[in-house]
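Student: need a structure here:
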Amino acid sequence: MSLALNEPMQGTAASTDVWLLLEYNASWAGQANVANTLDRDFLEWWLRVPALFEQMGLRARQQFIRQPDISFQGIRFIISMVAPYGNETFQFQFADYNDFTRIDWTTILDEPEAFGDARLTEPNYFVCTNGKRDVCCARLGLKTYLQLRKMVSKRVWQITHLGGHRFAPNVLVLPDPLMYGRVFADDVAKFVMQVESGKVDTDRARGRSLYEPAAQAAEIFLLKEGYAGGELVGLRQGQDDKADMFECLFLEEEDTISVKLRKSASSLEIIASCGESATKTQNPFEVLSVGPR
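Tutor: Numbering: from 1, shown residues only. Here you go, the predicted model:
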């Protein structure tokens, strides 16, 4: 239905400041973070970790990851930090899960340079494949995962949940961090070519997860207009009867570029997940203007 309606994807990524990605190779449940076979003491500790970042004003998101077709001894953990600390992604490995509990992961925010040996600089791809959460993610995501494996080898992972099931296959790319949707297996070669060259695939981009939805959409509109993109330096939302109007300001070299957009007055009736039947109303973003301010 989403494809048939040509539903726009801009501005649909989950707004996230810190990604916490833990390797867990056992079978994934629909609510994998709470329904699993991990030791209860460890699980209680793991579920408390996001609150540590939230106390610092950061939105943290936990997911399980795996590479079932690769043999590896030990447990790997990827942490990706974004605003206001800059885009930094690190990968660590431990002998077992209990090793994680001995570390205060918030300390990496203060001195990321001290973990330089663990820094990931090349794009890493995380494909949502959890069929217990949404059957489309497994049916479509696994094909995309296998195609990515052929092209980027060990830099692709399966991940439990990224949201936006109707946009499957969904792919998170770190350390950017950018969320993509509808990355079908046949499109992987073109998609990888764009990402590996340092570009944003604007045809498949859902948004940069460190931004709010309006800014996510604005950046994609900006890039589609041929601008190089830049740092988001302002986001203003209209008041009262203009609450669905937004202006986002991006600093591109020495120029300030304004993107004005709004929530469309024309709503779409969509089904959010493959396992559901009820529809919900969606009002996509539409661009009003893009240009120097």
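Student: what pLDDT is listed against A29?
Tutor: What the model reports as pLDDT for A29 is 89.
Student: is it correct that it is in contact with K132?
Tutor: Yes - at 5.5 Å, A29 counts as touching K132 under the criterion of CB atoms under 8 Å. Where you see a C-beta, it was placed from the backbone N, CA and C, and this is true even at glycine.
Student: based on its surroundings, how many neighbours for the spatially closest residue to Q10 that is not a sequence neighbour?
Tutor: Nearest residue to Q10 in three dimensions, chain neighbours excluded: A217, at 3.9 Å (CB to CB, 6 or more residues apart in numbering). For A217, the count of nearby residues is 29 (other CB atoms under 10 Å).
Student: what's the distance between A217 and W28?
Tutor: Distance of A217 to W28, given as CB to CB, to the nearest Å: 31 Å.
Student: ditto for R262
Tutor: R262 is 38 Å from W28, by CB to CB.
Student: helix/strand/coil for V290?
Tutor: strand (DSSP: H, G, I helix; E, B strand; the rest coil).
Student: list the residues that contact it.
Tutor: With contact set as CB atoms under 8 Å, 6 or more residues apart in numbering, V290 has these partners: F221, L222, E225, Y227, I257, S258, V259, K260.
Student: phi first, then psi, for the fifth one.
Tutor: The reference is to I257. phi -110, psi 130 (degrees, to the nearest 10).
Student: hmm, it is touching E247, no?
Tutor: No - checked against CB under 8 Å, the pair I257 and E247 is beyond contact range at 10.9 Å.
Student: when the two are compared, which one has more neighbours?
Tutor: I257 (22 against 19).
Student: hey, what's the more buried one bridged with?
Tutor: F250, P292 (DSSP bridges).
Student: quick one: it from L178, how far?
Tutor: From I257 to L178 the distance is 19 Å (CB to CB).
Student: which element is V259 on?
Tutor: For V259, the enclosing helix or strand under DSSP states H and E is strand 255-263.
Student: point out the other helices and strands that that strand packs with.
Tutor: Counting contacts by 3 or more CB pairs under 8 Å, 6 or more residues apart in numbering; DSSP states H and E, strand 255-263 packs against helix 213-224, strand 245-252, strand 285-292.
Student: buried stuff in the second one?
Tutor: To tie it back to what came earlier, the one meant is strand 245-252. Within strand 245-252, the residues that count as buried by 16 or more other CB atoms under 10 Å are M245, F246, E247, C248, L249, F250.
Student: average model confidence for that strand?
Tutor: Across strand 245-252, the per-residue pLDDT values average to 95.
Student: contacting residues around it?
Tutor: 214-215, 218-219, 222, 227-238, 256-262, 293.
Student: for ChimeraX, what selects the buried ones among those?
Tutor: To isolate the buried ones among these in ChimeraX, judged by 16+ other CB under 10 Å, type:
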select :214,215,218,219,222,227,230,232,257,258,259,260,261,262
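Student: now K263, nearest residue through space, not along the chain?
Tutor: If the residues on either side of it in the chain are set aside, K263 comes closest to D244, at 3.9 Å by CB to CB, 6+ apart.
Student: how far away from the center of its chain is the lengthiest helix in the chain?
Tutor: The longest helix of the chain (DSSP state H) is helix 135-152. Mean-position distance between helix 135-152 and its chain equals 16 Å (CA atoms, centre = their mean, to the nearest Å).
Student: what about D69, neighbour count?
Tutor: Neighbours of D69 (other CB under 10 Å): 9.
Student: that one and K150 touch, don't they?
Tutor: No - here D69 does not reach K150: they are 11.3 Å apart, not a contact under CB under 8 Å.
Student: can you name the element that comes right after the longest helix of the chain?
Tutor: Using DSSP H and E, the first helix or strand after helix 135-152 is strand 156-159.
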